[in-house]
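Visitor: Here you go, sequence then predicted model.
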6 protein chains.
Amino acid sequence: MIVRGWQDHAEGSALIEFGRTRVLCAASVTEGVPRWRKGSGLGWVTAEYSMLPRATNTRNDRESVRGRIGGRTHEISRLIGRSLRACIDLKTLGENTIAIDCDVLVADGGTRTASITGAYVALSDACGWLGRPDALIRSVAAVSVGVVGGQPVLDLAYDEDAGADTDMNVVCTGDGGFVEVQGTAEGVPFDRVMLDRLLDLAVGGCAQLTEIQRVALEGPRPVPSGGARSAAGSSAR
Amino acid sequence: MIVRGWQDHAEGSALIEFGRTRVLCAASVTEGVPRWRKGSGLGWVTAEYSMLPRATNTRNDRESVRGRIGGRTHEISRLIGRSLRACIDLKTLGENTIAIDCDVLVADGGTRTASITGAYVALSDACGWLGRPDALIRSVAAVSVGVVGGQPVLDLAYDEDAGADTDMNVVCTGDGGFVEVQGTAEGVPFDRVMLDRLLDLAVGGCAQLTEIQRVALEGPRPVPSGGARSAAGSSAR
Amino acid sequence: MIVRGWQDHAEGSALIEFGRTRVLCAASVTEGVPRWRKGSGLGWVTAEYSMLPRATNTRNDRESVRGRIGGRTHEISRLIGRSLRACIDLKTLGENTIAIDCDVLVADGGTRTASITGAYVALSDACGWLGRPDALIRSVAAVSVGVVGGQPVLDLAYDEDAGADTDMNVVCTGDGGFVEVQGTAEGVPFDRVMLDRLLDLAVGGCAQLTEIQRVALEGPRPVPSGGARSAAGSSAR
Amino acid sequence: MIVRGWQDHAEGSALIEFGRTRVLCAASVTEGVPRWRKGSGLGWVTAEYSMLPRATNTRNDRESVRGRIGGRTHEISRLIGRSLRACIDLKTLGENTIAIDCDVLVADGGTRTASITGAYVALSDACGWLGRPDALIRSVAAVSVGVVGGQPVLDLAYDEDAGADTDMNVVCTGDGGFVEVQGTAEGVPFDRVMLDRLLDLAVGGCAQLTEIQRVALEGPRPVPSGGARSAAGSSAR
Amino acid sequence: MIVRGWQDHAEGSALIEFGRTRVLCAASVTEGVPRWRKGSGLGWVTAEYSMLPRATNTRNDRESVRGRIGGRTHEISRLIGRSLRACIDLKTLGENTIAIDCDVLVADGGTRTASITGAYVALSDACGWLGRPDALIRSVAAVSVGVVGGQPVLDLAYDEDAGADTDMNVVCTGDGGFVEVQGTAEGVPFDRVMLDRLLDLAVGGCAQLTEIQRVALEGPRPVPSGGARSAAGSSAR
Amino acid sequence: MIVRGWQDHAEGSALIEFGRTRVLCAASVTEGVPRWRKGSGLGWVTAEYSMLPRATNTRNDRESVRGRIGGRTHEISRLIGRSLRACIDLKTLGENTIAIDCDVLVADGGTRTASITGAYVALSDACGWLGRPDALIRSVAAVSVGVVGGQPVLDLAYDEDAGADTDMNVVCTGDGGFVEVQGTAEGVPFDRVMLDRLLDLAVGGCAQLTEIQRVALEGPRPVPSGGARSAAGSSAR
């Protein structure tokens, strides 16, 4: 389930729920790009992923309190960023930056793939808000697949996830191309046959999510409460 | 509006909404206390406050990314912790720790007082989960009052807040005692007469919130999804 | 007791001693303001508080060694900054910054209120040095009051402080207005009657400190040893 | 080219050179395991990847100087650790930890896959040193493949790497199983046919590296200079 | 000039003033030693050096605020620690730790050598407080010498210091032995003849400081205000 | 033994081996100088020293992982920087910066002096690459000397080093002047006679190293692989 416009101030936002997993995705537009990009005429899309301390079954210390971002957080943030950049024609975006924030409120497996799938909806609305819907050249959705007890399984919940032999995250475009394939053998290596079965399963799952995204994006774009104050937006609308 | 049990895994949780402000409060129980408390027979209650990057009208950098917690966050976390400890008889709590997390999802003024008011509901459920309802010896609720255009005003929204001459946060117990009074003259100092009027207003506001908390806590306590796995709980129930 | 000009190089400085507490306060003037203030025509006053490791009865680790500033330090620094800004007309100050440093050399209770009271003297001399005495529009002084054994008490020494039921810091202007009122019930909540008695006591205490400040500021302003090299000063004098 | 025993003190070490890329890999054995593993009877393998500041064409700041590890470093360190753990039967290893260090001395593309391939040789010698050669249950080797100008290419040098449409890192076992498949479309998404061609190429490349590792590991194991002092080793030999 | 017992709570303390330089030195005794020393029967002496932000002519940012200790601070702290350890028989000290803190309140050149000279007095009193005066086997004092305009000069004030061709810090024992010789050519290298002249000058300067220390340590040891609460002391006295 | 040009991309680089110690030195040229130097017409030389985790007999944690640079690293980096700056006429260098990196690959005593000696070779080549050989006005080399069993000893290996009574690092110019003399009594203070004997030994050792450097720098300068892309170089050649 995807609720559009949940985070009132953001140029685009979505609360995505799958199983008990709940991720709040926001897309923030700012005029300009990072320094190393200035003058290129190209825009930029970046992403940050985080979990609330009590999103999980036992409380995790905040990374802000520990004073450093962990490896897992870094890795997922980079994956989300790469995946979402695949949706955008950076030239059409122009020298604007869209920052994606994915905050896991409740976690029950598949938080990184739910983040990508929800963030696409937020990103789409942000492009609309900016008056550049054409910058959005394709959709992306992501699923988690794995091998549990020797069988390929779609959409791993946490308990299955922890016990899976192989864990694979696949990011597909709306028309079935691959943006990212990340498969890891947790214990026993996997062979080519299993790899193929997992890919089949993932492609099917992504197609379903693409449809759910399409439905969520029907109807008018929610108007952010503070939108009128944004410099980038005021010139674009 | 207070929704109990929103964060599935926590021993106590509440989503509190006032105006457009939305704060997710969780209370996490762990057996044992910090080292400096061990063997005292007393429990401990601690709190952390944070904002999602896009809770606000313009995006704020994450404190985890900056690598340090800001002064404002520290100050509010400490205020919440002190206020909630006033609710608890630490001897009856026994050597258990309750960690309060208040994460602002959408901000529109009054986030620290909404955090305290919501956290009380989460704390109450955590005491119930732990099988120690008697550890909860009083309720607390908090409001923000201020002087706008020379007049005392209850429940400052962000726009008023930013323009207020004086900003005061008051934490009261359910029976009208004071736990915390923090008044700051932003520009012009205030006199004793105005201070008295602000305190009257705050006491009335807290009484209303106490009633809202009471209603929210009617009905059965939500059962956390992962509760059965908690060591402290399993022995206590 | 307040000794003016103790820290040789500073544009304003004061060593304040109350009981065994000794705080060294410095006010440093620099031309210009932080970036977010540029072009506003307004000045800025900021403050930092710290304790030497062996100011206290047992040694505390340095915050520089731990690599982060603690919550208490942040909170007190912010309080000092807000209190001192109440003394200044930022327009008259012009685009100059005054940085207040309060370093506790020996601690025996009331270090934050001694810091504010001493810092006012340093700030006053800094305004004089800058050739803008009119920027100083009022004086501030601060005391700590509390409830010990059910009785309101002024000027808590450390031993009383640790055992107090309620601890309240009050910052008053020289003409009796309130700049900051921060009262915390450490254990039992306090009622309106006690709050009023504490405020009476605090107002009287601040009036005495205002007189001590006035006396300390009689006589010529000490000339800082390196003052002539300061850019802001050279143009102002 | 793989030179065994290059780092004198390590229980296992290898300098691996491919093209102009040079990575120094060390495997350090310590008795005991991290706290969360104690009493499990299982060992642990961990890895850290880093680059010398001038391994690259322009100098990069040290992560120690910046005070934090970047996302890319974290991601690669985690990949190396997962890949090497796939070689080890942690039960046979017993409660010992092997820390893998991969330091890139000169970089010209493919540093992460060279790290994995070289680290296997160091790990193998460390198992021998520890007197537990049976803990090594399979070999791993890794290659980078990609799509350049529409054609699949093995072993991307830096210049090709930067211009590739798709970049894929594949970690295979010596008998052709997959441990890790990480494919990323840098620009245009890739289809299933291309994915299959890339996998074919990678499997072939890994087979060649497996042979190079086998040859390097012929001949007697170099004796580390300080080996006799290691507690874990002295009991095991 | 050396004032003993300035910092009320410390087991040993001294305020040392030379020219306009003022350094507050404290010696803090704690029972026990760092983990790597436990069971050795030997004590430990460690030191930390710091400057107040406005000790200098222009304000320096606090290292606690920057979140890291600079190279100069580290280097001086290590020098002070090494020099003071040369005074102590660590076996006679037993498994106790003495932490030396040297905080520069006002700086006008020679702060590191003033720190060492003052810290010796604090250390001496701490050994007395601990009831182990025999642990103090020799005294140390330190001076700064340099070459200014081709001539060797003792006790460089800041202005000379900054313009010196060579800067040398020498730590001598009370009977004329060398503990540390650190000479640096700032611009032109120096020859053996000049090195000899500088050493002669330094040895003479240290002898004078040794006498000043001796006088300061005449008379009874000041009793620290909180001393009776220290665990190490209570057993030792 | 000194191998020139080992690190392919650097404007100057050298792998220096003494005993089993191996240090990789790189000199990186960038156009421009740090901000505080801009417009001065003078260049800048800076240095950073580090050790690979398994350079030593037991593995050391990475400073990047700990999140801070240790005191020893800071101290050695500063020593290398000062020593190398003594070789350069900063005016002739012009507003260019040369960053020296010394990374210890294998450590067996004397790593800081080997770093200085090797870095000189890298620095020399960097000046050549920049087209400013005249900026190099003298050579430097460094040795470690010490007192072992009452006798002065040159070139301490690690085992002697750890057991030495006195440890002295001496940096000399090619024509026998002193750049840096750092002697430390580890246990017993040393007297003037011993100091003289140590200096004699050091001067002789540095003369031998100067000859080794001279030989290494015979023959043509290696051309860095990425050199042509450097902005500073392209204009200078």
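Guide: Okay, I see it.

Visitor: Next, count neighbours for residue A:54.
Guide: If you count neighbours by other CB atoms under 10 Å in any protein chain shown, residue A:54 ends up with 30. C-betas here are computed from N, CA, C, even on glycine.

Visitor: Next up, the contacts around it.
Guide: Listed by CB atoms under 8 Å, 6 or more residues apart in numbering or on different chains, the contact set of residue A:54 reads B:7, B:9-10, B:13, B:26, B:28, B:101.

Visitor: If you rank these by neighbours, which is first?
Guide: Highest neighbour count within the contacts of residue A:54, by other CB under 10 Å: residue B:10, with 34 neighbours.

Visitor: Check the secondary structure at that one for me.
Guide: Put simply, residue B:10 is coil when judged by DSSP: H, G, I helix; E, B strand; the rest coil.

Visitor: hang on, it packs against residue B:224?
Guide: Yes - applying CB atoms under 8 Å, one finds residue B:10 in contact with residue B:224, separated by 5.9 Å.

Visitor: Contacts only, for the closest residue to chain E within chain A.
Guide: Here chain A gets closest to chain E at one residue, residue A:67, 8.5 Å apart by CB to the nearest CB. Residue A:67 sits next to B:67-68, C:67-68, F:67 when contact means CB under 8 Å, 6+ apart.

Visitor: One more: residue A:121?
Guide: Residue A:121 makes contact with A:2, A:4, A:12, A:14, A:16, A:25, A:213, A:216-217, according to CB under 8 Å, 6+ apart.

Visitor: Going along the chain, name the helices of chain A.
Guide: With helices called from DSSP state H, chain A shows them at A:63-66, A:71-85, A:90-93, A:111-129, A:158-163, A:192-216, A:231-236.

Visitor: Could you identify which of those helices is most buried?
Guide: For these, the largest average neighbour count (mean count of other CB atoms under 10 Å in any protein chain shown) is found in helix A:111-129, namely a mean of 27.

Visitor: Output it in PDB with nothing but the alpha carbons.
Guide: What follows is helix A:111-129 as a C-alpha-only set of coordinates in PDB (Å, rounded to 0.1, in the frame of the first residue of the first chain):
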ATOM      1  CA  THR A 111      13.200  -2.500   3.800                       C
ATOM      2  CA  ARG A 112      15.600  -1.600   1.000                       C
ATOM      3  CA  THR A 113      13.400  -2.700  -1.800                       C
ATOM      4  CA  ALA A 114      10.300  -1.100  -0.200                       C
ATOM      5  CA  SER A 115      12.400   2.100   0.000                       C
ATOM      6  CA  ILE A 116      13.200   2.100  -3.700                       C
ATOM      7  CA  THR A 117       9.600   1.300  -4.700                       C
ATOM      8  CA  GLY A 118       8.200   4.000  -2.500                       C
ATOM      9  CA  ALA A 119      10.800   6.500  -3.300                       C
ATOM     10  CA  TYR A 120       9.900   6.300  -7.000                       C
ATOM     11  CA  VAL A 121       6.400   7.700  -6.200                       C
ATOM     12  CA  ALA A 122       7.900  10.500  -4.200                       C
ATOM     13  CA  LEU A 123      10.400  11.300  -6.900                       C
ATOM     14  CA  SER A 124       7.700  11.300  -9.500                       C
ATOM     15  CA  ASP A 125       5.700  13.900  -7.600                       C
ATOM     16  CA  ALA A 126       8.800  16.000  -7.000                       C
ATOM     17  CA  CYS A 127       9.400  16.100 -10.800                       C
ATOM     18  CA  GLY A 128       5.800  17.200 -11.200                       C
ATOM     19  CA  TRP A 129       6.200  19.900  -8.500                       C
END
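
Visitor: Between helix A:71-85 and it, find me the angle.
Guide: Interaxial angle, helix A:111-129 versus helix A:71-85 (axes from the mean of the first three to the mean of the last three CA atoms, to 10 degrees): 40 degrees.

Visitor: quick one: buried residues of stretch A:168-182?
Guide: A:168-174, A:177-182 (16 or more other CB atoms under 10 Å in any protein chain shown).

Visitor: taking those one by one, which sit in strands?
Guide: Applying DSSP state E to the buried residues of stretch A:168-182, the entries found in strands are A:168-173, A:178-182.

Visitor: Nearest to chain F within chain A, name that residue for me.
Guide: Closest point on chain A to chain F, by CB to the nearest CB, is residue A:68, at 6.3 Å.

Visitor: For the most centrally placed residue in chain A, give its distance to residue B:4.
Guide: Centroid-nearest residue in chain A, with CA atoms, centre = their mean: residue A:116, separated by 1.6 Å. According to CB to CB, to the nearest Å, residue A:116 and residue B:4 sit 31 Å apart.

Visitor: Which pLDDT value does the model give the residue of chain A found nearest chain C?
Guide: Chain C sits closest to residue A:67 of chain A, with a gap of 6.3 Å, by CB to the nearest CB. Looking at residue A:67, its pLDDT reads 84.

Visitor: related to what we said a few turns ago, among the ones in strands among the buried residues of stretch A:168-182, which two are most distant?
Guide: The widest separation within these, taken as CB to CB, falls between A:168 and A:173 and amounts to 17.2 Å.

Visitor: so who does residue A:165 touch?
Guide: Neighbour list for residue A:165: A:146-148, A:150, A:185-188, A:190 [criterion: CB under 8 Å, 6+ apart].

Visitor: returning to what we had before: could you point out which of the helices of chain A sits nearest residue D:76?
Guide: Nearest to residue D:76, of all the helices of chain A, is helix A:71-85, at 9.7 Å by CB to CB.

Visitor: Measure how buried the closest residue to residue A:161 other than its chain neighbours is and give me the count.
Guide: Closest residue to residue A:161 apart from its sequence neighbours, by CB to CB, 6 or more residues apart in numbering or on different chains: residue A:109 at 4.7 Å. Neighbourhood size, residue A:109 [other CB under 10 Å]: 20.

Visitor: and residue A:109, how far is that from chain D?
Guide: 19 Å (CB to the nearest CB, to the nearest Å).

Visitor: before we move on, the earlier item: can you lay out the contacts of residue A:54 as TSV showing distance to residue A:73?
Guide: What follows is those, written out as TSV (distance: CB to CB, whole Å):
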residue	distance to residue A:73
B:7	19
B:9	19
B:10	21
B:13	23
B:26	19
B:28	20
B:101	17
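
Visitor: on that earlier part again, can you list the buried residues of stretch A:168-182 in JSON lines and add distance to chain D?
Guide: As requested, these are arranged in JSON lines below (distance: CB to the nearest CB, whole Å):
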{"residue": "A:168", "distance to chain D": "8"}
{"residue": "A:169", "distance to chain D": "10"}
{"residue": "A:170", "distance to chain D": "10"}
{"residue": "A:171", "distance to chain D": "9"}
{"residue": "A:172", "distance to chain D": "8"}
{"residue": "A:173", "distance to chain D": "5"}
{"residue": "A:174", "distance to chain D": "10"}
{"residue": "A:177", "distance to chain D": "3"}
{"residue": "A:178", "distance to chain D": "5"}
{"residue": "A:179", "distance to chain D": "5"}
{"residue": "A:180", "distance to chain D": "5"}
{"residue": "A:181", "distance to chain D": "4"}
{"residue": "A:182", "distance to chain D": "5"}
